Every structure is written in C-alpha cells, then in structure tokens.
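Trainee: Take a look and give me a structure for this.
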Amino acid sequence: MVSQGPCLAIEAGGEKTFSLWRDLFRKIAPSLNIVWWKAPDVDPAAVDYLLVWKPPAGGLTPFSGLKGIICTGAGVDHLLKDPDWPVKVPLIRMGGERTGVLMAEFVLWACLSLFRGARAWAWQQERHIFERELITRVASEVSVGIMGFGSLGRVVAQRLLLNGFRVRGWSRSGRAEPGVEVFAGEEALGAFLGGTDILVNLLPNTPETADRLDRDVFAGLPGAAAVVNVGRGTQLVEADLLAALDSGHLSGAVLDVFRTEPPDPDSPLWVHPRITMTPHAASEASRADHARYVADVIGQLEKGGMPDLAYDFSRGY
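Mentor: Got it, this is the predicted structure:
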C-alpha cells in the first residue's frame, strides 16, 4: 500500500464496484489511500477505516488497527449479528445532507398525498371514474407527528414546517427543535398520538421498537388519521394496520418498508384502496454523495471527533 493519508479499505458492493468507489474517492478525497479489502498486497493491520455493507461473519477480525467502520446503509443491525464484531471500534451509519433532503421530500410528498386524497384519485383513474370529493383543508390545519425524532426526523420536520404543516416529535430523549412540539418518553406517547393527524414512523431499529406500530398506537390516533412508515418493516403490525383502515379509523397509509421485501404476491397490502406502496425508495443518495459523507466522517474521526450517526451500543441504535 502507498503511504499517504489514512487507509480506507472497501468491502461494500463487492469487488466489481471497487473501481467506482476508488475513482470517486480520488476526486473527492485524494489524500485517502483506497484499497480493496481482500487485495493480496493489503496488510489488514495497516487499514485505518473500512467501508462495508455485508462482510462475512468474522471477516473483520484481521483488521486489528481500525479507527472506524462506516456502513453504506442507515441500518446496521445485520452487521451486529456477527459474534466477532469489533464492538470497540466506532461504527458509523450512512447519512449526509442529501440523504436527509431525500427523506424530507419523500415524507412531504406522502403527507400531501394523504391529506389531499391522492390515492383515491389514482384508484378512480384506474377505473375510469371521474368524481370529486372536495378537500378544503390546508397544510396549516394538519398536524404531522414524527415518531422517532432523531437527526433525520429533525430534517424532515423542518421541511414540513417550511410547507406549512404543524409538526410534533416523539422520542425517548425529547430533544428540542425550533417550531416543533416535542414529547418525551412513554408517559407522553398518548398526548403525542392524540394530536397527530399523520403519523410518520422514523424509529430506530431496536428490539423495543419491533411491532411498535400496532393496534394500540393506531387507536391512540384521532379518527381519520393516516400513517407513513419509512422506518423499518418489522415495526409495523400489518394486520393491525389493515384492520384500522378497514374499520375507517385510519384514512390511509404510505408504506415504503415491509417485513418481506417485496411483499408476498398475495399480500393484501398490494390491492388495498387506502394504501400507497413504494419500493423502499424514500431516501437513497448517490454513490458520490456516500463517498463525500465517508470522507467527512473520516475527517471528523481523524480530528478526534465523533460523527452524529455513530452507533451507540448501549442504546442499540
């Protein structure tokens, strides 16, 4: 390996995409020494950073000098199933400004679609029906509640506020955000849900958040509320959502993530008239955006800082 700046070894995407990563980093961060993680001339002990997606179990053991591991996905639970995972090395989830903007724009589209009844229009078009049900509400009369109010949730909140929505956030810590009504902890969940017209799920993926969007949560929402799930598919109890939609308690849902992707061909989610499905496409920045983010993360770690999206092993996200 050439001795220059920090050494970044790349596993993400497999060997076939390594040249794409290498060429991007040469433009974005030319001081980095970019290597393929399995190259025969690479000394694993001399690698400073790893960019990974799904390395084999135990595959990181030879990399004894790591200062940080960056995952190309926002979720890292699949990595931590490895019993030999180096838990003392900082693990950084994928992020970056573009990722937040993409998510914010997706949620804005979903909220506008839900309260203006866009799914009904699409359903009617498929059947050559030309009927109007006038909706006179405007965004300032719609309260969007973000469940899982972390760094990404705050970006989403600001975009919604700019477009006139009332915004509230719920999380364990309840960190304040300008213009947002913030609720903290289980004791405040009822109040949060009770004033939410559109519930947006951005919860982190932990054992505690599995099946979190269930009949009790839906029952806590006011009548004719709607749901947007851009968190994890395992956090939504699909049968409970369908029951709430069929009963009329919920008016609609936009689902971007699912327990099984794609859902089974006979899943009722495909054909429900009040559900809009998207193929896990809410927020995926380009490879170049990812490379810029990785370079920024390495710069922070080299200066002794810790990026905002560092995985907290004690909290599980």
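Trainee: Identify all contacting residues around the helix-or-strand element of the chain with minimal mean pLDDT.
Mentor: Counting by mean pLDDT, DSSP states H and E, the chain has its least confident helix or strand at helix 118-126, which shows a mean of 93. By Cβ atoms under 8 Å, 6 or more residues apart in numbering, the surrounding residues in contact with helix 118-126 are 112-113, 130-131, 133, 252, 273-276. The C-beta positions use only the backbone N, C-alpha and C, and glycine is treated the same way.
Trainee: Tell me the buried residues in whichever helix or strand comes after that helix?
Mentor: Remark: after helix 118-126, the chain's next helix or strand is strand 143-147, criterion DSSP states H and E. Residues of strand 143-147 classed as buried: 143-147 (neighbour count, 16 or more other Cβ atoms under 10 Å).
Trainee: Just want the angle from the helix or strand just after strand 143-147 to strand 143-147.
Mentor: Using DSSP H and E, the helix or strand that follows strand 143-147 towards the C-terminus is helix 151-162. Computed by axes from the mean of the first three to the mean of the last three Cα atoms, to 10 degrees, the angle separating helix 151-162 from strand 143-147 equals 170 degrees.
Trainee: Which elements pack onto helix 151-162?
Mentor: Helices and strands touching helix 151-162, by 3 or more Cβ pairs under 8 Å, 6 or more residues apart in numbering; DSSP states H and E, are helix 97-116, strand 143-147, strand 166-171.
Trainee: got the CA positions of that helix in CSV?
Mentor: Listed next in CSV are the C-alpha coordinates belonging to helix 151-162 (Å, rounded to 0.1, in the frame of the first residue of the first chain):
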residue,chain,number,x,y,z
SER,A,151,-31.3,13.7,13.5
LEU,A,152,-33.2,12.5,10.4
GLY,A,153,-36.5,13.4,12.0
ARG,A,154,-35.4,16.9,12.6
VAL,A,155,-34.5,17.4,8.9
VAL,A,156,-37.9,16.1,7.9
ALA,A,157,-39.6,18.3,10.5
GLN,A,158,-38.0,21.5,9.1
ARG,A,159,-39.1,20.7,5.6
LEU,A,160,-42.7,20.1,6.8
LEU,A,161,-42.7,23.3,8.7
LEU,A,162,-41.5,25.2,5.6
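Trainee: and Pro265, what are its phi and psi?
Mentor: Backbone torsions for Pro265, taken as degrees, to the nearest 10, come to phi -60, psi -30.
Trainee: count of residues packed around it?
Mentor: By other Cβ atoms under 10 Å, the residues close to Pro265 number 6.
Trainee: Do you know the pLDDT at it?
Mentor: In this model, Pro265 is scored at 96, pLDDT.
Trainee: From Val271, how far off is it?
Mentor: Remark: distance between Pro265 and Val271 (Cβ to Cβ, to the nearest Å) = 11 Å.
Trainee: Okay, Ala282 and Leu114: tell me how far apart.
Mentor: 15 Å.
Trainee: Between which two of the contacts of helix 118-126 is the distance greatest?
Mentor: Greatest spacing in the contacts of helix 118-126, by Cβ to Cβ: Phe130 and Ile275 (22.5 Å).
Trainee: Is Leu24 in a helix, a strand, or coil?
Mentor: helix (DSSP: H, G, I helix; E, B strand; the rest coil).
Trainee: Quick one: residues contacting it.
Mentor: Leu24 sits in contact with 287-288, 291, where contact means Cβ under 8 Å, 6+ apart.
Trainee: Going by neighbour count, which of these comes out on top?
Mentor: Neighbour max across these (other Cβ under 10 Å) = Ala291, 26 neighbours.
Trainee: My guess is that residue contacts Asp23. True?
Mentor: No. Contact criterion Cβ atoms under 8 Å: Ala291 and Asp23 do not qualify, at 9.6 Å.
Trainee: With adjacent residues omitted, what lies nearest to Gly231?
Mentor: Once flanking residues are discounted, Gly231 sits nearest to Asn201: 4.2 Å by Cβ to Cβ, 6 or more residues apart in numbering.
Trainee: If you could redo that for Ala188, that was the one I meant.
Mentor: Using Cβ to Cβ, 6+ apart, the closest residue to Ala188 is Trp170 (6.9 Å).
Trainee: Distance of Lys303 relative to Ile69?
Mentor: 18 Å.
Trainee: what does Arg215 give?
Mentor: Where Ile69 is concerned, Arg215 sits at a distance of 38 Å (Cβ to Cβ).
Trainee: quick one: which of the two has more around it?
Mentor: Between Arg215 and Ile69, counted using other Cβ under 10 Å, Ile69 has the larger neighbour count: 22 against 14.
Trainee: Give the full set of residues in contact with that one.
Mentor: Counted by Cβ under 8 Å, 6+ apart, Ile69 has contacts 49-50, 52, 60, 86, 89-92.
Trainee: how about these, which pair is most distant?
Mentor: Going by Cβ to Cβ, the pair spanning these furthest: Leu60 and Ile92, at 14.3 Å.
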